[in-house]
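# Pasting the sequence and the predicted model now:
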Amino acid sequence: MTMLLKIEDLHIEISEKEILHGVNLEINKGEVHVLMGRNGSGKSTLSNTLMGHPAYKVSSGSITFDGQVINNLKPNERAKLGLFLGFQYPLSIPGVTVANFLRQANKALRGDSTSPRDFRKLLYEKMDDLEIDHAFATRYINDGFSGGEKKRMEILQMAMLEPKFVILDEPDSGLDIDSLKLVANSINRYKEKNPHVGILLVTHYQRILDYIKPDKVHVFVEGNVVESGGPELALELEKKGYDWLTVREEEKRQLVEDKR
């Protein structure tokens with residue numbers, strides 16, 4: 001398989017405080033990887049860093065996307081290469097309709113000169129694929145949307161922009177079981193239509209993995225990947241929690257200190 005994303009010994013600082021401590025991760029085209037961990041473990045830091053958020057400084061290490069080192073690229077430059085970030089808390093934009101927002105985003109990404117009629121036809125096709133009512137096209141972005149509607153709008157944006165690699169930062173956050181199923185089904189439909197896309201799904205819980213089947217699961221503890229495995233690892237975390245990994249890592253650190 002062709003490697004799409006490679007993270008090597010990545011160290012990240014915020015306001016001169018190191019948050020990520022030498023992360024290594026490889027994701028191939030077509031693979032779905034899940035990143036799990038407690039609040040504050042560094043999951044969202046990695047997501048924002050991959051997309052080029054200026055508050056996160058790469059102090060050492062590298063991020064290679066589709067064969068190109070992207071450490072110094074701006075978010076819009078990364079988007080043009082094919083990276084996409086679905087936010088944990090999508091912002092509302094009163095006064096800007098879904099259709100107009102997506103048309104401008106498409107134009108900025110591709111310099112597209114598609115006519116309004118052709119663009120609306122494409123938009124409706126994508127909405128039909130994701131079972132989203134056409135009426136949403138005329139609503140203001142996330143204004144008055146439920147949690148599930150906001151997350152499905154993120155998936156619609158993804159479907160319209162057709163990225164090569166997708167980072168979904170807690171797409172299950174704050175959703176009831178019915179909304180969770182709708183969001184998961186939307187992600188699965190997009191993956192079926194775009195089998196070569198790579199996905200990094202960030203979550204706290206195993207429950208979304210009842211509907212989305214990952215190739216690999218990684219666990220973050222205090223700014224690093226400490227365990228990787230198949231879908232069974234998420235089930236183990238559901239039963240045992242994160243304490244066993246936290247204790248194990250603390251024992252490792254203590255052993256290193258004792259040897260000094």
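Nice, I can see it.
# Tell me which helix or strand the closest residue to residue 57 other than its chain neighbours sits in.
Among residues not flanking residue 57 along the chain, residue 13 sits closest, at 4.6 Å (C-beta to C-beta, 6 or more residues apart in numbering). In this view, the C-beta of every residue, glycine as well, is placed from N, C-alpha and C. Assigned by DSSP states H and E, residue 13 falls within strand 3-14.
# Give me the helices and strands touching that strand, please.
strand 17-28, helix 43-51, strand 57-65, strand 198-203 (3 or more C-beta pairs under 8 Å, 6 or more residues apart in numbering; DSSP states H and E).
# Quick one: closest of the ones you listed to residue 82.
Smallest distance to residue 82 across these (C-beta to C-beta): 7.7 Å, for strand 57-65.
# Name every strand pairing with the closest one and say which way it goes.
With DSSP bridges as the test, strand 57-65 is paired with strand 3-14 (antiparallel), strand 68-69 (antiparallel).
# Please state the offset of the longest one from the chain centre?
When distances are taken as C-alpha atoms, centre = their mean, to the nearest Å, strand 3-14 is centred 15 Å away from the chain's centroid.
# ok, and the closest non-adjacent residue to residue 4?
With C-beta to C-beta, 6+ apart as the criterion, residue 4 has its nearest non-adjacent residue at 4.4 Å, and that residue is residue 198.
# Can you give me every residue that contacts the one you found?
Residues in contact with residue 198 (C-beta atoms under 8 Å, 6 or more residues apart in numbering) are 4, 5, 27, 28, 29, 30, 31, 32, 33, 164, 165, 166.
# Could you give the bridge partners of it?
Going by DSSP bridges, residue 198 forms beta bridges with residue 165.
# any idea how far residue 14 is from it?
26 Å (C-beta to C-beta, to the nearest Å).
# Can you tell me which of the strands paired with strand 57-65 is nearest to residue 240?
Within those, the stretch nearest residue 240 is strand 3-14; the backing value is 26.5 Å (C-beta to C-beta).
# Give me the buried stretch members for the closest one, please.
Across strand 3-14, burial judged by 16 or more other C-beta atoms under 10 Å covers 4, 5, 6, 7, 10, 11, 12, 13.
# now for the residues you listed, which pair is the farthest apart?
Between any two of these, the greatest separation by C-beta to C-beta is 25.8 Å, found for 4 and 13.
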